[in-house]
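Visitor: below is the sequence, then the predicted model.
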Amino acid sequence: MIQTALEAGLRQTMNRLVRPLLHPAIPVALQRRLISKAYLTSIPPRGTRFEDIQAEGLSITRACHSDNPHGVILYFHGGGYIIGSPKTHKGITGHLSKFSGAMVVTPDYRLAPENPFPAALDDAEMVYRALLDEGHPPATLCLAGDSAGGGLAIALAMRLRDKGLPLPSSLMVLSPWTDLSNQHLYSPECEPVLQKPWIDKSSRLYCGSTPTSEPLISPVYGDLSGLPPLLIQVGSQEILLNDARRLADAANRDSVDTHLEIYNGLWHVFQVHAGQLDRATEALQTAGAFIRQHLSS
């Protein structure tokens, strides 16, 4: 009963407070400031330690819940490639560290419109290479992300494969944005978070002159063969539901070990409410177990 009421209250909060902020008429700089305030309600579990460092010219946040973390999750935050930061996603990365037992590394990758494609992907690759150079075996690494960051994680894995670089042990994405043409969006009865005009604007700012069909922008149009095991989590009340389904279909087509989990009645990146909403906490527990299962000792 309490969880049902909480779920309804959170849905209304997202619809009335967050969704209006994601409007194309609001300047990107203002959106960044406002959304950073909205994420203050996403709280990491007690005992998680965060460390901000500079590496490869980027600001990077490391999250550890264990004194002896095993493995590293390279996590890419969402925000349509135009907003968001490691700070906004401490709730997710903290819980993910707790449930996986791994360190979570979140880079503050460059955002559009100041830095359109392929800046974010270049930064992602640079940090992954730095982890390899530090001596982390690829079998102890995982790529993960939410929304745009989920698409970025898949695109990075594809680029690593194409360059002949060692791949991580697994991929884990939450409500991934995998088709920036936005031509095959789902139409839920209720969409508490995203508006199509906003993601259309985000796509234009990120893609610049590059076609949205470029596979390293929209992975559903690419070859996914050879990628590591993939877990996809998505809510049924979001316009990106089809992006998740199509990613799963493409991965299955290309013989990737794929797991798609659709959470009925939940919204875009509902995992930000882990620690409050039981189903969000359970989703990240599942994600953590999936990552832990594939990390090599």
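Guide: Received, thanks.
Visitor: for the stretch 1-150 of the chain, give me the ranges with low pLDDT.
Guide: Judged against pLDDT under 70, the stretch 1-150 of the chain has no low-scoring part.
Visitor: run through the neighbouring helices and strands of the host helix or strand of Ile291.
Guide: For Ile291, the enclosing helix or strand under DSSP states H and E is helix 278-294. For helix 278-294, the elements it packs on are helix 2-13, helix 90-100, strand 141-146, strand 170-174, strand 230-235, strand 258-263, judged by 3 or more C-beta pairs under 8 Å, 6 or more residues apart in numbering; DSSP states H and E. C-beta coordinates here come from the backbone N, C-alpha and C atoms, glycine included.
Visitor: relative to helix 2-13, how tilted is that helix?
Guide: Angle, helix 278-294 to helix 2-13, by axes from the mean of the first three to the mean of the last three C-alpha atoms, to 10 degrees: 100 degrees.
Visitor: mean confidence for helix 278-294?
Guide: Averaged over helix 278-294, pLDDT sits at 98.
Visitor: between strand 230-235 and it, find me the angle.
Guide: Using the same axes, to 10 degrees: helix 278-294 against strand 230-235 is 180 degrees.
Visitor: make TSV out of the helices and strands packed on helix 278-294 and add mean neighbour count and distance to His273.
Guide: Formatted as TSV, the helices and strands packed on helix 278-294 follow (neighbours: other C-beta atoms under 10 Å; distance: least, C-beta to C-beta, whole Å):
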stretch	mean neighbour count	distance to His273
helix 2-13	13	6
helix 90-100	27	8
strand 141-146	28	13
strand 170-174	29	12
strand 230-235	26	11
strand 258-263	16	12
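Visitor: any chance of those in a markdown table, plus distance to Leu121?
Guide: Formatted as a markdown table, the helices and strands packed on helix 278-294 follow (distance: least, C-beta to C-beta, whole Å):
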| stretch | distance to Leu121 |
| --- | --- |
| helix 2-13 | 32 |
| helix 90-100 | 20 |
| strand 141-146 | 12 |
| strand 170-174 | 15 |
| strand 230-235 | 18 |
| strand 258-263 | 22 |
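Visitor: which residues touch the helix holding Ile291?
Guide: 3, 7, 70-71, 73, 92, 95-96, 98-102, 142, 144, 169-170, 172, 174, 228-229, 231, 233, 259, 261, 263, 266, 270-275 (C-beta atoms under 8 Å, 6 or more residues apart in numbering).
Visitor: find the residue at the geometric middle of the chain.
Guide: Asp146 (1.6 Å; C-alpha atoms, centre = their mean).
Visitor: excluding chain neighbours, what is closest to Gly91?
Guide: Spatial nearest neighbour of Gly91, chain neighbours left out: Ser42 (3.1 Å); criterion: C-beta to C-beta, 6 or more residues apart in numbering.
Visitor: count the neighbours of the one you found for me.
Guide: 22 (other C-beta atoms under 10 Å).
Visitor: before we move on, the earlier item: closest one to Leu247 among the helices and strands packed on helix 278-294?
Guide: Smallest distance to Leu247 across these (C-beta to C-beta): 6.1 Å, for strand 230-235.
Visitor: show residues contacting the closest one.
Guide: Against strand 230-235 from outside (C-beta under 8 Å, 6+ apart): 154, 170-176, 240-241, 243-245, 247-248, 251, 256-263, 265-268, 270-271, 283, 286-287, 290.
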